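J.: just the structure for this:
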Amino acid sequence: MLKVAIIGYGGIAGAHAPSWQLLEERGKAKLVAVCDIDPDNFSATVETNINSGRELPADVRTYTDYKEMLANEELDLVDICLPTPLHKDVTIDVLNSGINVQCEKPMARNYAQTQEMIAAAKASGKILMIGLGLRFAVEYEYVKKLIESGEYGRPVAASFQRLSGPPLWSRWHSWYMNHEESGGCLLDMHIHDVDMVRHLFGEPKAVSCVTQDLYAGDDVVHSRFIYDDLAVTAVGDWSLEGTGFYCGYRIAFEKATVICEMSKVTVYPRGGEAFEPELNGDNFFTRELTVISDAVAGNGEVAVTPPQSAAKSIRLCELLKESANANGAIVSCDELKD
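T.: Below you'll find the predicted structure:
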């Protein structure tokens, strides 16, 4: 069984921990150590926009210095759940220690940092996977299969939404509200749908984006992705204080419309009866951690989220920011198509 550690035990790590416990039950991997600079985080309640479990098994060892943990533990895989500005340096340190890495999204604060991470993975010979969870979510996997099969014809229009109150819950100096560290909603939350647009439809020809600043900057994001024969928009907004989290999509095909509201998917065939497809499987945290565990164990690859693709999603966010800085000007995406 693989030996796994988590670095950074904030909100998202609390969502990963139950999945690691499930993978232990399945005989794949065991969480043996957790590191966080704040020891109170090992037991603190962290209120986020997702439900998560925080309780650690009694036999999980805890550290406040990740380098001490790397020196003391024999690890096969490290799950990095740190704030974005720490991803690059810690990922490279872990890879250089000869340990495989699963790193939460966004991959890094900017595209240049992603290239350093990819180079470190190549030099170390270890696996690096980025946790772009929607690629593993059954409700998004379903619509990708519809696009690939052509069951309802080609897609003609799509819209995506990811909405939330502001992430004021961070216990580490409110880093979400510091644009230099988080990149605002555009890089931290909107990137999920930016990445999914690429995953479903390929690279856009160009983009246009407008944003509004209310908290950290780029807190309200309206993006348009330009294709030859497809209309695609996405809205990211974490300024909705007092509201609950919401995400979804509406994709119109030639012969049907598919709507996702949170985890509920409904298909509306043109001229037919609406139905809810049966979508079964683990949540996306468990599915993505299963993929990286199997890859480390030599039983598969990380083909769903290779770091090179995750890096391009960072670059596309930078192009959207370039457009927003120019009041929504159209910005070419030709560089993404190599």
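
J.: run a quick neighbour tally on the spatially closest residue to Asp40 that is not a sequence neighbour.
T.: Computed as C-beta to C-beta, 6 or more residues apart in numbering, the closest residue to Asp40 that is not its neighbour in sequence is Arg171, at 7.9 Å. To be clear about C-beta, it is placed using only N, CA and C from the backbone, and glycine gets the same treatment. Neighbour count of Arg171, defined by other C-beta atoms under 10 Å: 15.

J.: ok, Arg171 touching Gly10?
T.: Yes. If you go by C-beta atoms under 8 Å, Arg171 and Gly10 touch, sitting 6.6 Å apart.

J.: kindly report the domain assignment for the chain.
T.: 2-132+286-305, 135-278+313-337 (automatic domain parsing).

J.: still on that earlier bit, assign the residue nearest to Asp40 to helix, strand or coil.
T.: Of the three states, Arg171 takes coil according to DSSP: H, G, I helix; E, B strand; the rest coil.

J.: how close does it sit to Tyr9?
T.: Applying C-beta to C-beta, to the nearest Å, the value for Arg171 to Tyr9 is 10 Å.

J.: what residues do those two have in common as contacts?
T.: Residues touching both Arg171 and Tyr9 (C-beta atoms under 8 Å, 6 or more residues apart in numbering): Asn41.

J.: rewinding a little: could I get the domains of the chain as a markdown table with mean pLDDT?
T.: Formatted as a markdown table, the domains of the chain follow (pLDDT from 0 to 100):
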| stretch | mean pLDDT |
| --- | --- |
| domain 2-132+286-305 | 92 |
| domain 135-278+313-337 | 97 |
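
J.: residue contacts, Asp213?
T.: 184, 219.

J.: list of residues touching the host helix or strand of Val267?
T.: Using DSSP states H and E, Val267 sits within strand 264-269. With contacts defined as C-beta under 8 Å, 6+ apart, strand 264-269 is touched by 139, 142-143, 152, 255-260, 274-277, 279.

J.: now those: which count as buried?
T.: Taking 16 or more other C-beta atoms under 10 Å as the criterion, what is buried in the contacts of strand 264-269 is 139, 142-143, 152, 256-260.

J.: so where do the helices sit in the stretch 1-150 of the chain?
T.: 11-25, 66-72, 87-96, 111-124, 138-149 (DSSP state H, counting those that start in this stretch).

J.: so can I have a markdown table of those helices showing distance to Lys3?
T.: Below are the helices of the stretch 1-150 of the chain laid out as a markdown table (distance: least, C-beta to C-beta, whole Å):
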| stretch | distance to Lys3 |
| --- | --- |
| helix 11-25 | 11 |
| helix 66-72 | 12 |
| helix 87-96 | 13 |
| helix 111-124 | 18 |
| helix 138-149 | 29 |
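
J.: figure out which of those helices is closest to Asn178.
T.: Nearest to Asn178 among the helices of the stretch 1-150 of the chain is helix 87-96; the distance by C-beta to C-beta comes to 15.2 Å.

J.: touching the longest helix along the chain from outside, list them.
T.: For the chain, the helix that runs over the most residues, judged by DSSP state H, is helix 307-325. Helix 307-325 is contacted by residues 105-108, 110-111, 114-115, 117-118, 121, 128-130, 132, 183, 186-187, 190-191, 194-195, 198, 203-204, 207-211, 218, 221, 223, 329-331, 333, 335-336 when judged by C-beta under 8 Å, 6+ apart.
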